[in-house]
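K.L.:
how would this look folded up:
(one chain, ligands or ions: 2)
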Amino acid sequence: MTKRRIPAAAAAAALASTALIAASALPAQAAPNDVVRFNFDGISLGSHPTTIPNQGTGPAANVVSENGGQVTVVNSRSGQGRAIDFPDHAAPITGPRAVIAVPGTTLPQVGTNRLVWRADFRLDTGTTATSGSADDGDNLLQRGLAGTAAQYKLQVDGERPSCTLWTAASGETVTARLTSAQKVHRGQWYTATCTRSGKKLTLTVVGHTGPHAGTTLTATNTSSTVLDLQHPATVPITVGGKMYHNTHIPRSSTDQFNGLVDNVKVSIGE
Ligand SMILES: [Ca+2]
Ligand SMILES: [Ca+2]
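P.N.:
Numbers count the residues shown, from 1 in each chain. Ligands and ions are numbered 1, 2, ... in the order given. As a prediction, this is how the structure comes out:
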């Protein structure tokens, strides 16, 4: 029995290792179903770009600004080239905001297909958003808003990563969220990946630096039906905050992500 158990354990360890790599690495080549892929490499260090090249099949992104906000190209974690630094926390409604937006006009619908959306992130240290301020959320990646036709979202509000799906047609919201005991650490790099497959929603968070380095945290939830995600063409995919439609940031509740972002991907279908 012992001889059988050891290979099984080794195989399980190898599988776990493979899964960790799959969850944390962005493959060098885009897959046909990747509509968004940003690695931000090749953009000049220290620059404030207004457009972002898309290595996926979707269109290039625009940087949309309010109150003079801008994004800055900075060094990513080791081996990951460049990253994007979003505006620092600013509680007032007049604070600078900036969001990366992929126009929705030619984006394919998700429908009931498998959907994967992910990003690497490092939350700023220091000031945290206080409840009720105009900058009290940290939205990483999404298409659509709650209460509109459809939404998929990855956010890190309160240092607790979560994935959310919503459709008006079903009237259902499903969220997979880490527990309060699994909060991520500010100033450290993570990869957060949301996967919707059938009724199942899975969040996987892999730590790269700091106390969570090499640690994988997961959360799952299940919807009552397979949510059929249908977005109006005017709704963009956004990185670093919310937008009402292709040109407008909600100033009162941008949910501006305050920190660094890299290796963004949205993949529709198998
Ligand atoms: Ca990069
Ligand atoms: Ca914020």
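K.L.:
what's next to stretch 79-86, contact-wise?
P.N.:
Outside of stretch 79-86, the residues within contact range by Cβ atoms under 8 Å, 6 or more residues apart in numbering are 38-43, 45, 52, 71-77, 98, 100, 120, 122, 239-241, 256-263. (C-beta placed from N, C-alpha, C; glycine too.)
K.L.:
6 Å instead, please
P.N.:
40-41, 43, 71-74, 76, 240, 257, 260-262 (Cβ atoms under 6 Å, 6 or more residues apart in numbering).
K.L.:
let's verify D120: helix, strand, or coil?
P.N.:
The three-state label given to D120 by DSSP: H, G, I helix; E, B strand; the rest coil is strand.
K.L.:
count of residues packed around it?
P.N.:
25 (other Cβ atoms under 10 Å).
K.L.:
same thing with D135?
P.N.:
25.
K.L.:
now it: how far from A176?
P.N.:
Applying Cβ to Cβ, to the nearest Å, the value for D135 to A176 is 24 Å.
K.L.:
do the same with R82
P.N.:
R82 is 29 Å from A176, by Cβ to Cβ.
K.L.:
looking only at neighbour counts, state which of those two leads.
P.N.:
Between R82 and A176, counted using other Cβ under 10 Å, the more crowded position is A176 (22 against 19).
K.L.:
in strands, which of the contacts of stretch 79-86 fall?
P.N.:
The strands, defined by DSSP state E, take in 72-74, 260-262 from the contacts of stretch 79-86.
K.L.:
out of those, which touch ligand 1?
P.N.:
Restricting these to those near ligand 1 by Cβ under 5 Å from the ion leaves D262.
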